[in-house]
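**Q** With the sequence up front, the predicted model follows.
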Amino acid sequence: MCLFFLNSFFQDFAVIFPQISSMSNSFSRRQALKSGLFAAIGTTILKNSHAEIQNQDSNNDMPRRDPWLGLKAGVASYTFRKFSVENTIKALQQLDLHYISIKDFHLSLNSTTEERSAIIGKFIEAGITPLSCGNITMENDEANIRKAFQYAKDCKLPTIVCSPHPDSMPLLDKMVKEFDIKLAIHNHGPEDKRFPSPYDVWNAVQKYDLRIGLCIDVGHTARAKVDPAEAILKCRSRLYDLHFKDINSTEPNGNTIQAGRGVLDLPAILRALLTIKYPHLLSIEYEGSEDNPLPAVAETTGYAKGALALMTVTGK
């Protein structure tokens, strides 16, 4: 299967699989997703080069429909922490993803202005738009926080994903006003002493500038015993980044797994994002297989595209 067919699959889903829209109870829509149908499709991405995508698209006069339905899907670069910048770019091109959140593995917080410009330029030249950086730990110290904001400013990033000290809110308020850069405070689940759940962030930021908001990590949110889809809806006005993944358990020891193989209701999460017309970065994050996460990310990408395509057919 070539990537040209893969793109056509998502454009003509209703024609190729009309029977899915009227599945019986013996084979539900969720079972179809979990069975690996769309994961298998996603994995075929790895069998084709980025050059083939460009070649096939240039020969196709029909406009491509957006398989993400307007969502800005990309990758949290922590996923590719063992990859160089160049190989990370190649991976995103293979995945046909065009947005990224940059972790300091790929651009150090101690980099020079020139180094920042050069790395950001490489992503942009490759057709990949950096939309945030992080996760960055911030202490209750103005110099420490200012360093992160200057980094984001130099990189022309609209958002910083961060884990700030709870007492630093007045300083954060000052910085978002000075730099006009959004903060997306990342929740890290039950072991996080700062912000375990999105609602801990939500409650902490209410009296501060609207640019101080959330990065909802759907896996850590579920491990904190909070429904991620519900949190997306409730925190919509301050939701500035999102880490998308599946997990094998909602217990504290739950780990990331390929989308559709775990316990999260990912279609409900995607539906919530569409409902609020979420305009910021949807970052696919995969913490496992650090030496080669590409197959797992491809499977997750295929699952998400399949779930969204199924929604367009069934309206659910």
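**A** Yep, that arrived. Residues are numbered from 1 along each chain as shown.
**Q** What ranges does the stretch 151-300 of the chain have for its helices?
**A** 169-179, 198-205, 218-223, 228-234, 266-275, 294-314 (DSSP state H, counting those that start in this stretch).
**Q** just checking, what packs against the shortest one?
**A** Packing contacts for helix 218-223, counted by 3 or more Cβ pairs under 8 Å, 6 or more residues apart in numbering; DSSP states H and E, involve helix 228-234, strand 239-244, strand 246-247. Backbone N, C-alpha and C define where each C-beta goes, glycine included.
**Q** cool, and the second one?
**A** Judged by 3+ Cβ pairs under 8 Å, 6+ apart, helix 198-205 is in contact with strand 182-186, strand 212-217, helix 228-234.
**Q** Go through these and name the closest to Ala272.
**A** helix 228-234 (4.1 Å; Cβ to Cβ).
**Q** in the closest one, what counts as buried?
**A** Across helix 228-234, burial judged by 16 or more other Cβ atoms under 10 Å covers 228-229, 231-232.
**Q** which of the residues in the helix or strand where Glu86 lies are buried?
**A** Taking DSSP states H and E as the criterion, Glu86 maps to helix 85-95. Within helix 85-95, the residues that count as buried by 16+ other Cβ under 10 Å are 85, 88-95.
**Q** continuing past that helix, what's the next helix or strand?
**A** Downstream of helix 85-95, the next assigned helix or strand under DSSP H and E is strand 99-102.
**Q** Okay, now the sheet partners of that following strand, with direction.
**A** Applying DSSP bridges, strand 99-102 is found paired with strand 72-76 (parallel), strand 129-138 (parallel).
**Q** how about the CA coordinates for the longest one, as PDB?
**A** The C-alpha trace of strand 129-138 is given here as PDB (Å, rounded to 0.1, in the frame of the first residue of the first chain):
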ATOM      1  CA  THR A 129       6.000  24.600  12.200                       C
ATOM      2  CA  PRO A 130       7.200  24.800  15.900                       C
ATOM      3  CA  LEU A 131       4.200  25.800  18.000                       C
ATOM      4  CA  SER A 132       5.600  25.300  21.500                       C
ATOM      5  CA  CYS A 133       8.500  24.300  23.600                       C
ATOM      6  CA  GLY A 134       8.800  22.200  26.700                       C
ATOM      7  CA  ASN A 135       8.100  20.700  29.100                       C
ATOM      8  CA  ILE A 136      10.300  23.300  31.000                       C
ATOM      9  CA  THR A 137      10.500  23.200  34.800                       C
ATOM     10  CA  MET A 138      10.300  26.600  36.300                       C
END
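**Q** which residues touch the residue nearest to the spatial centre of the chain?
**A** When Cα atoms, centre = their mean is applied to the chain, the residue found nearest the centroid is Ser283 (1.1 Å). Ser283 sits next to 74-76, 99-101, 132, 241-244 when contact means Cβ atoms under 8 Å, 6 or more residues apart in numbering.
**Q** and the gap between the residue lying closest to it once chain neighbours are set aside and Asp265?
**A** Using Cβ to Cβ, 6 or more residues apart in numbering and skipping residues adjacent in sequence, the residue nearest Ser283 is Ala76, 4.0 Å away. From Ala76 over to Asp265 the distance is 21 Å, taken as Cβ to Cβ, to the nearest Å.
**Q** Pro130 too?
**A** 30 Å.
**Q** Looking at those two now, which is surrounded by more residues?
**A** Pro130 (24 against 16; other Cβ atoms under 10 Å).
**Q** can I assume that one is in contact with Lys103?
**A** No: counting by Cβ atoms under 8 Å, Pro130 stays clear of Lys103, with 11.0 Å between them.
**Q** can you list the weak-confidence ranges in the stretch 101-250 of the chain?
**A** By pLDDT under 70, the stretch 101-250 of the chain has no low-scoring segment.
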